[in-house]
Structures are given as structure tokens and as C-alpha cells.
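>>> Okay, predicted coordinates and the sequence, questions at the end:
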Amino acid sequence: MRLLLKNGIVFDPLNNIKGEKMDILIENGKVVEKFSNERDVKIIDCTNKIVMPGGVDIHTHIAGGKVNAGRIMRPEDHVYFVKEREGIIHSGSGYSLPTTWLTGYLYAKMGYTFAATPAMPPLSARHTHEELKSIPIVDKAAYTLFGNNWFVFKYIREKDYKKLAAFVSFILKSVKGFAIKLVNPGGDEAWAWGGNVKSLDDIVPNFDITPRDIIDGLIKANEILNLPHSIHLHTINLGRPGNYIDTIETIRIAGKYSNEKRQVMHVTHIQFHSYGGKTWKDFESKSEEIVKELHKYRNVTFDVGFVLFGETTTMTADGPMEYYLSRLTGLKWQNLGIELETSPGVTPIIYRKKSPVHSIQFAIGLELALLSDPWKYCLTTDHPNGAPFIRYPEIIAMLMSKKYREEIIKEVNPAIKRRAIIESIDREYDFYEIAIITRSAPAKILGMEKFIGSLNIGNDANISVYEINPEKYTYEDIIKAFSNSYLTIKNGRVVVKKGKVIDEIYGKTFYVAPKIDDDIMREIYSDLSYYFKRFYSVNLANYPLDTIYLTNPVEIKTIPKLERIVMK
Amino acid sequence: MIVTDVVCPFCGCLCDDLVIEVDNNEIKTVRNACRLGASKFLKHKKNRKKKPIIKENGEKKEVDFDYAIDKAVKLLKNSTRCLLYGFSSTSNEAIEYGVKIAELLRGYIDNTSTVCHGPSVVSYQTVGYPSCTLGDVKNRADLIIYWGCNPLNAHPRHLSRYTLYPRGLFTERGFLDRKLIVIDVRETDTAKIATKFLRIEPNKDYELVSAMRSILNGLDIQQDTIAGIKRDEIYEIVDMMKSCRYGVLFFGMGLTQTYGRDRTIDNAISLVIDLNRYTKFSIMMMRGHYNVTGSNQVFAWLSGFPYAVDFTRGYPRYNPGETSAVDVLSNKEVDSALIIAADPVSNFPKEAIRHLLSIPYINVDPFYNLSSKYAKIYIPTKIVGVEVEGTAYRMDNIPIRLRKVIENEDLPSDEEVLKEIYERLIEDEIVIKERYSI
Ligand code: SF4
Ligand SMILES: [Zn+2]
């Protein structure tokens, strides 16, 4: 089947295409330069429409144990947001916690074709993959949690980075993970006894290492393994007043390292880590300080974690934070301590315009984005923590329209005027910049630009077409256009037409497989069997999972090198 | 041949360390399992059929699979409202097809938690659920409480593998490092080995939990006894809870099915949440059937709700008490049913059974049970975890892949039967798809 998207206005930043009128040719699911023959070509007129590569979401909690725990705990999130089954297109429910089928459809409706779920505990990886397997349309990947893993603690304490890397690679391969994720490194282990870590140099109880050691050690492992993405880091003290100091300290850890191809540290949902003040009373934005620090380092990237007003669900592998938050709000709370690995939690939240803290959080997200180089970051809400992903179009509109921002700011708590700087920022994004932060930058930051986020010849034809006049538009037009893509094409098939999902296919699932020498593997294998016998509640043989749990698995092989840790 | 690391498909413990000796496709010995688990393997030939059985014109006859599935599809298609029920003893893969069928047919779907931990799930939705994995208990817990459950009989290896006896990183001396409290209406086997046993008066659980919470929150108890337990003893227990390093409260049917039901569980979960102000404390439901947890999980990720799902409007709805299996049967809302991996005729309330027996229903099950006997169409299947692989979730939500130990070439699996039914049902739907294509 051949498809010709005719005369669209194309934005493809990775190929430096900035709104040129062009045709896009698709054959056998791929973008091609010319058709092998001219028969059976379906032409779709895209005149006055915007064409972009399919959207890429680098950080979105869409699958796995805590997402589903959230669904089970919050029927109220599902009752008022439902979709009926139509033909082969399934039903679903859930606003901040959409069900798996619905998740795929909602992303496709916005023109997104890739979504990575960022916090898979290895022990329950099978669950994460079972859910990913049932998410249609988008390509998928799962980052694997390492920041509170006992093996990681052990090897870092012994400063044996070779074994650490071998262990990480064993886990990533066994659980079909894509990247190394750290959440509140050391904090969950402290939380297992009801505590937390308060600074990068706090000692993790019983393990004699610090959060700083863990971050540093896992950067080393990541660089040795030569993974496509860098470490993906949710640092300590999320959501606490005054935490911007810890965030700046965290960023500086990356300063020691360099990698010619990509960053060595990705700091996730940095909005939640850019807070000044000592208490909730003098809570304020430190976005300028954070942006300044971030832009000093070429080897650090971030995603925002925007907060929007309304009700949503928070869920992280940061167990102590979720407990703390639930005690502040008095809302229901769940926790799932996972042996030797992590301790996720879930609790609902309502971000209110009249709350000074929520208003400032809202402002910080926008400030970080508007003050930054778009190639340095990605648009995220840390779905569903800051807001459900279906609200991305509103964020796009806010970045593109000062007027829209002003209208909202009028309604929020006046604290935003004194303790944030959003009002002073005039910048308005254009479509090219929006394409960067929703397509090109995330693909590049993931080290996946060969597969996603561009219209490279030979790439999978994952494309979105939006109905909006790029010369003249209001913010309402932007929201409408990006909420209901005119066309979403996945692997060359039209899956969304005029905002309606019309077809269902299943995307690829990416995971990494670094090649590790057998003799190192043998050494760590003896540690593995000892730990599994003594401490785990499942047998080692039942731990790894097979690719039968993955839709269209794509293994990304890497060749590790010990010398690869380049210190500056 | 020796098969190792076999997972036991019996109770919610999902022990995964079984060693099974197989000779010529016959199971010879089962090591490491408790008697319940071992008998599932050793007696796997009991109550099995080789062919589907159909009741036609009042007579039962054996038919082949293709015919039985065809009849099943016709039955479902011709009914106005169907109920799918069961799912606690089959794989997630089969459950997923169950949900798809219910969705397609705009019917009701429910799993067995509706008659066991239903109230617990409702409470979970009210106050939350601070919990952990069984390995966390093994490595850290120094205080174990069993309330309204008797694991030595129902989950025989729970204490030895996960809670009281194992030696973990911070519990090196095993049971010497732990205390065990049992709260029950009678002195069960588990109560006999407890550090402290509280014999509670029947249906007084709510009062006892409330007393504990009051003490914990700084109030004084005036009565001499509450729920049959002496005032001092309650103080002592609360003190044990507050001063432990890591406590876990396991609860079973004895707590969920007493007066107050979900209100009692709300209160118990709140007690555990309160305790987290002092120390680390978790709570966990003692799930019975080996994959009842998985059925809640699969239902939730596909429909948004853990049980009692109503697809009659084309989208998922949930209202236990109205949309749960017992209620849709008692209220005569359905005119056909598909019962899979459960035996409601043996354990549903009378009213519900009466309606179930009055409508034609299909039963898919490896074993020929009472519900099979009254089915219009009975389709025998492979035993998950013995004759076919599949995914199941332990009571702490840890997913484990069940293994195949022996071959059974005569029968399809639950998953295959449901998939086939779904695919035959959906053939008509393809027409609708054409309408949308560009
Ligand atoms: S405790 Fe349960 S899972 Fe373990 S062997 Fe016994 S019946 Fe099987
Ligand atoms: Zn996150």
C-alpha cells in the first residue's frame, strides 16, 4: 500500500525542515524517497495542514503495578470518563488513569506514536509488559528501576563498576528494559523503615552509601554499557520547598562525565525539583537558577513535568514522598514495598487555582520551558502526576500564546506574581519549536533518532497531520488541532482520521541488550544465586521474562566498554 | 525427568520452588509443595473429561470441540444479556479474552473476589492500601499479625516461606526475630503457635479495631473488655504494634465477612495507616485462589474496575451490589452465562443459583464440577500450571509465569477456548470496521 501526503507544511527538526511545503511518501509502512511503482497510490491532500513526525513521550506512567493499583483504588477516576466500544475499537475508562486500550487511542488521537513508561520494578516487570502489550498503536519502552536495588548498593559500595554494569545488563535483558531509571536513590530503602534521605550525602541505612554514590555509580554503569539513553533520574526531595539546591547539586554530578553522542544524565520532571523557600508559606519558584545551571552543562537534559489545575493521580516509585503527600492532603494512599528493589506509592491530588503552592508549581513548569533551549528538554507532565497526558495540547497552547497564559494567570492565586516570574516572560513558541519538544528532542535524548521522532527516509512512517493554519491561529485553534489530529499514521496505516480512531495496530517494544563477557557474568551469577536464595521470594529461574510478553520486540544491542567512562 | 522451579497453581502463595519428577508424561513425585499443592499435581486426573458435553433435548452427549464452541458462540449471540464469571483459577491470558468477550457482547463480567475479598477491594477504594511484597516481609518484618485467617490450613507454606520462619537480611534468626499475633474467633492451628492469641467474639472485629485506633490516637479505653478481650491486652497489643520495627497485618475471610464488612476493613486499613506515624506497617489480603489477584488486575487494566464490571452500555461501569454476579443473577438480569474456572453452583447464594440453573450456560473448566454438571455446554480444558503455561499474580501482586509440567494433547487451554469464541463472535464486527476505513 502506498500513501502520498500531498502539499503539507512539514516540520521535521531532526532534518532541519522548518515548515516547508512538501510531499511525504509512504510505502510498506516506511517513509520513502520515491515509490517503487506508481500503482495503487492513495493520495491525501494536506494543503494548509501541518505535518510532523509522530509525537514522542519520554516519560509517562501508563502501565504496570502502580498504574493499575491507581486504577483499582480510584473508580471515581473512571466513572465519568468512558469510551464506548465501536466496531473493532475497544471501550475504556479513566481520565488520569486510562485503561490500556484507551491509553493507546488517546495518544494516537493527539498524534503521538511513542510512549515510554518510566518506572518498572524488575520483580514486577512481567506486569508492566502485560499492560504495555495491550496498549495499541504506540511504540513502547520501559525504564527499569535501579536506584534502590540491593545489588546496586553492594557493587557501588565495593566500587566494582564492572560487576555493577554486568548486573545492570543482566536485569535489563531479563526484564526487557530500555534504560536505567533512578527514583529517590537510597530514599526508598530508608522508607522501608519509615525514613527517607534528606540530602545527597545522607547515608542509606544499613548500606553505607549515599544517594550521590548511587547516582555516580549508575552513570558509570550506563556509560560502560553504552546504552542509547543516559541515566533517567528522579532525584531526591521531590516536591519539597527548598529542593532546588539538591537539584543543582545533582546536576553537578554529571559535570565529571562526558559522552560525545548524548547527555550523561536526564533529570526528569524537574519542575517538581525547582522549589525555593523553607516552608510551604514562603514556597517560591527557582526556575531561573535551575535553568542557568542546566544550561551550563551540555551533558544534562531534562523533561518538565508541567502541573495543570484539576484533579489527577500522583504515582511514583518515591514511596516516602507519596506517604508525605497523602498526609498533607488527607486523601487515600497506597504503598507497595518491593523486596530488594523499590517502594512505589499512589495518592490522588487536586491542583487548585486558589492554592498559592499549586499556582507557583503551574508557573514553574512554564518558566522552565520558556527559559530553555528547546533541544534540551521534552514536554511532559510526568503523567499523571502533574496532569493527565490528554492535556498536552493545553500546554502547547500556553507555550505558543502569551494571551492564553495571561487569561489563566488572572484566575490563579496572586502569590504567582510575587513568588514566580511567569508574568515577565513574553516568549511564544512556534510550531517548529513545538515539534522539537514533542518529537525531535525526546527522540534524540533517548538515543532513538534512528527509529523515531523524524521523517527520515527508511524510518517507520509514524506521522501526524494537524489541521491548523500556521500563519494565523488562536490558542483555541491550537488546543483543538493538537487534541484531534487530522491524521495519525502508524507504520504507514491511517489509525486516526479527523480525531477519530479508526484502526488498531500494535506498535514495537524497544529494549536493550548489552553484550557482556561470560566470565564477568559467571562472577555475578554466584552473587545472584546467593541473593535469590537468601532474600528474594521468587526463584532466579522464574525471574526473567520472555519476549512473548512484548508486541513486536526490537532488541537494541550495545557493545560495552570499560574505558567508556570518560571523566573530564 | 525432573522439572524444577515449578510454580504451584493452587493458592495465592504461588510457591515457585516445586520440584516435580515426571516419567513418561506421568507425575511421579512432587517435592517442596504442601499437601494442597501436591495433590493438585498428583490428582490432576480426577474429575476430568476428554470431550465437551452438551445437553440437547434433555440429553447429555459428548461432542467434539469445534461443535461445542460453535454451539457456545450461537448461545451467546442469541442471548440478550450474558454474564461471564469465574477467572480466579486460570491464567491472565485467558482472563483477557474473557473481558474481550464480555465487552463485545455488552454483558456483565465478574470474578470470584465478588464473594471473598470484595469488601476489601471496596475499602481499598475508600482509604487506600499500604502494602508490600512477601519478600519484604521475609527480610524485614518482626511482627506478623493474622486476623481472621488460618494460613496453616489454607495457605500452608505462608509462614514457612514468607512470614514467620524464613531468615532474611534483617531477620537473620528467622522466627526468633519475630512475634506472631493471631486474632480469631476460635483457636486455630495458627493461633496455637502464636506469641499472642486474642480470641475475639464473633462479629466484634469493628469494635476491636476501633479500640486499637483510639489507643493509638491517644484516647483512653473505659471498658474492661472489648470484643471479649481484656482492656490491658488491647493496650499490650497496640504497644507491640507501635514498637515493632516492621509490622504486617494479614487478614482473611474472618474479617471481611463479619458485621460491617467493608467498614471493618476500612477501619483496619486506617489502623495500619495510623501506625505508619510510629513505625513501618503494611497490610495484605490473604487471597485464596491462585490467580484471583490476577483477575482483579486484568479486569482493572482493561476496564478500569477490579470486579463486577458491566459492559451493557458498551463502556465499562462498576457498581458492586448491582453489577456483581450474585446480584445480576438474583435480579434475573441475564439470560445466559459463561462460567470459567469457578464453581458458583456450589458456593453462590440460593437465589443466584436458582436463576443460573434456569438459564442456559456454558462452563469452561479443566475439572468437571457441580457447575459443569448443570451446564448446557461443558468444555474441558488443560490445567493451567500443570498442562499449560500462563501468567498469574501472587497475593502481593507479583506476577509469576506458571510452567507446564506434562503434556495434554487431548484438550485445548482456557485461553484457546475463549480466544476461539471471541474470534468467531467478532467475525461480524469486521463489517463495521470497513465502514470506518478510509
Ligand atoms: S502454600 Fe499454596 S502455593 Fe504453596 S504449595 Fe501450598 S497450596 Fe501451593
Ligand atoms: Zn515519573
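Nice, thanks for sending it over. Numbers count the residues shown, from 1 in each chain, chains lettered A, B, ... in the order given. Ligands and ions are numbered 1, 2, ... in the order given.

>>> can you list the domains in chain B?
Domain assignment of chain B by automatic domain parsing yields the ranges B:50-115+B:290-436, B:118-285.

>>> right, so those: which one is the most enclosed?
Among the domains of chain B, domain B:50-115+B:290-436 has the highest mean neighbour count (mean count of other Cβ atoms under 10 Å in any protein chain shown), at a mean of 21. Where C-beta positions appear, they are placed from N, C-alpha and C, glycine not excepted.

>>> Spit out the contact partners of residue B:191.
B:150, B:182, B:184, B:197, B:199 (Cβ atoms under 8 Å, 6 or more residues apart in numbering or on different chains).

>>> go with 6 Å
B:182, B:184, B:197 (Cβ atoms under 6 Å, 6 or more residues apart in numbering or on different chains).

>>> For residue B:300, which residues are in contact?
Contacts of residue B:300 (Cβ under 6 Å, 6+ apart): A:68, A:71, A:72, B:306.

>>> Next to chain A, which bits of the stretch 51-200 of chain B? Give me the list.
By the rule Cβ under 6 Å from any Cβ of the partner chain, the part of the stretch 51-200 of chain B lying against chain A is B:103, B:124-125, B:127-136, B:138-139, B:168-169.

>>> Go again with 8 Å.
B:92, B:96, B:100, B:103-104, B:121, B:124-136, B:138-140, B:161-162, B:167-170 (Cβ under 8 Å from any Cβ of the partner chain).

>>> quick one: the strands in the stretch 301-438 of chain B?
Remark: strands assigned in the stretch 301-438 of chain B by DSSP state E, counting those that start in this stretch are B:309-310, B:317-318, B:336-340, B:361-365, B:377-380, B:390-393, B:399-402.

>>> Just put these in CSV and tack on distance to ligand 1 and mean pLDDT.
Formatted as CSV, those follow (distance: least, Cβ to the nearest ligand atom, whole Å; pLDDT from 0 to 100):
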stretch, distance to ligand 1, mean pLDDT
strand B:309-310, 27, 98
strand B:317-318, 30, 97
strand B:336-340, 21, 98
strand B:361-365, 19, 98
strand B:377-380, 23, 98
strand B:390-393, 10, 98
strand B:399-402, 10, 98
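
>>> how much space is there between residue A:231 and chain B?
25 Å (Cβ to the nearest Cβ, to the nearest Å).

>>> Taking the stretch 251-400 of chain B, what residue is nearest to ligand 1?
Closest to ligand 1 within the stretch 251-400 of chain B is residue B:290: 6.6 Å, counting by Cβ to the nearest ligand atom.

>>> I'd say that residue and residue B:392 touch.
Yes - applying Cβ atoms under 8 Å, one finds residue B:290 in contact with residue B:392, separated by 5.6 Å.

>>> what residues are shared contacts of these two?
Joint contacts of residue B:290 and residue B:392 (Cβ under 8 Å, 6+ apart) are B:9, B:14, B:385.

>>> Quick check, central residue of chain B?
With distances taken as Cα atoms, centre = their mean, residue B:292 lies nearest the centre of chain B, 2.7 Å away.

>>> how about residue 243, what does it touch?
The chain I'm using is chain A. Residue A:243 neighbours (Cβ under 8 Å, 6+ apart): A:236, A:237, A:273, A:274, A:275.

>>> ah, no, chain B please
Counted by Cβ under 8 Å, 6+ apart, residue B:243 has contacts B:278, B:279.

>>> so residue A:5 sits in a strand?
Yes - residue state for residue A:5 (DSSP: H, G, I helix; E, B strand; the rest coil) corresponds to a strand.

>>> shaky segments in chain A?
Chain A contains residues with pLDDT under 70 at A:563-568.

>>> Would you point out which residue is most central in it?
Most central in chain A (Cα atoms, centre = their mean) works out to residue A:59, at 0.9 Å.

>>> Go ahead and confirm it touches residue A:271.
No - using Cβ under 8 Å, residue A:59 is not in contact with residue A:271, being 11.8 Å away.

>>> Now for these two: what residues contact both?
Taking Cβ under 8 Å, 6+ apart as the contact rule, residue A:59 and residue A:271 both touch residue A:305.

>>> surely residue B:83 meets residue B:330?
No - at 11.5 Å, residue B:83 and residue B:330 do not qualify as touching, with contact defined as Cβ under 8 Å.

>>> any idea how far the closest residue to residue B:257 other than its chain neighbours is from residue A:79?
Spatial nearest neighbour of residue B:257, chain neighbours left out: residue B:119 (7.7 Å); criterion: Cβ to Cβ, 6 or more residues apart in numbering or on different chains. Separation of residue B:119 from residue A:79 (Cβ to Cβ, to the nearest Å): 20 Å.
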